[in-house]
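[1] for reference, the sequence and a predicted model appear below.
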Amino acid sequence: MSTSDELNWFKSSYSGSQGDSCVEVAHRPDAVYVRDSKEKEGPRFAVAPTAWVDFIRYVAF
């Protein structure tokens, strides 16, 4: 991903206001990116959108 392809990150609605255990997600047509909001320049991972949907369905139940 080039620097011109900036991601629009958003914090999970389940993250607390205390600043701990926060997860941020960014959606692109080809992938969903996940990172720790406390480590904005740290590691992140990407999964296929279909895998993300499967994960959300799994954790929702």
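    Nice, thanks for sending it over. Residues are numbered from 1 along each chain as shown.
[2] switch to C-alpha atoms for all contacts and neighbour counts from now on
    Fine.
[3] low pLDDT regions in this structure?
    1-5, 14-21 (pLDDT under 70).
[4] contacts only, for residue 30.
    Under the criterion of CA atoms under 8 Å, 6 or more residues apart in numbering, the neighbours of residue 30 are 48-49.
[5] adjust the sequence numbering to begin at 102 for everything that follows.
    Got it, first residue is 102 now, which makes that one residue 131.
[6] show me where the chain has its strands.
    Ranges of strands in the chain, per DSSP state E, are 111-112, 124-128, 133-137, 145-148.
[7] got TSV for those, with mean neighbour count and distance to residue 159 too?
    Shown next, in TSV, are these (neighbours: other CA atoms under 10 Å; distance: least, CA to CA, whole Å):
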stretch	mean neighbour count	distance to residue 159
strand 111-112	14	20
strand 124-128	18	17
strand 133-137	19	16
strand 145-148	14	15
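[8] got those as CSV, with distance to residue 160 columns?
    Shown next, in CSV, are those (distance: least, CA to CA, whole Å):
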stretch, distance to residue 160
strand 111-112, 17
strand 124-128, 15
strand 133-137, 15
strand 145-148, 16
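[9] excluding covalently adjacent residues, which one is nearest to the residue nearest the centre of the chain?
    The centroid of the chain falls nearest to residue 126 when counting by CA atoms, centre = their mean (2.0 Å). Among residues not flanking residue 126 along the chain, residue 135 sits closest, at 4.6 Å (CA to CA, 6 or more residues apart in numbering).
[10] list the contacts for the one you found?
    124-127, 145-147.
[11] what's opposite it in the beta bridge?
    residue 126, residue 146 (DSSP bridges).
[12] give me the distance between the residue nearest to the centre of the chain and residue 154.
    Residue 126 sits 13 Å away from residue 154, going by CA to CA, to the nearest Å.
[13] next: residue 146.
    On the measure of CA to CA, residue 146 and residue 154 end up 15 Å apart.
[14] now stretch 154-161 - C-alpha only, PDB.
    Presented in PDB, the C-alpha positions along stretch 154-161 are these (Å, rounded to 0.1, in the frame of the first residue of the first chain):
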ATOM      1  CA  VAL A 154     -17.300 -11.200   7.800                       C
ATOM      2  CA  ASP A 155     -16.900 -14.800   9.000                       C
ATOM      3  CA  PHE A 156     -15.000 -13.600  12.000                       C
ATOM      4  CA  ILE A 157     -17.700 -11.000  13.000                       C
ATOM      5  CA  ARG A 158     -20.400 -13.600  12.600                       C
ATOM      6  CA  TYR A 159     -18.400 -16.000  14.800                       C
ATOM      7  CA  VAL A 160     -17.900 -13.500  17.600                       C
ATOM      8  CA  ALA A 161     -21.400 -12.100  17.400                       C
END
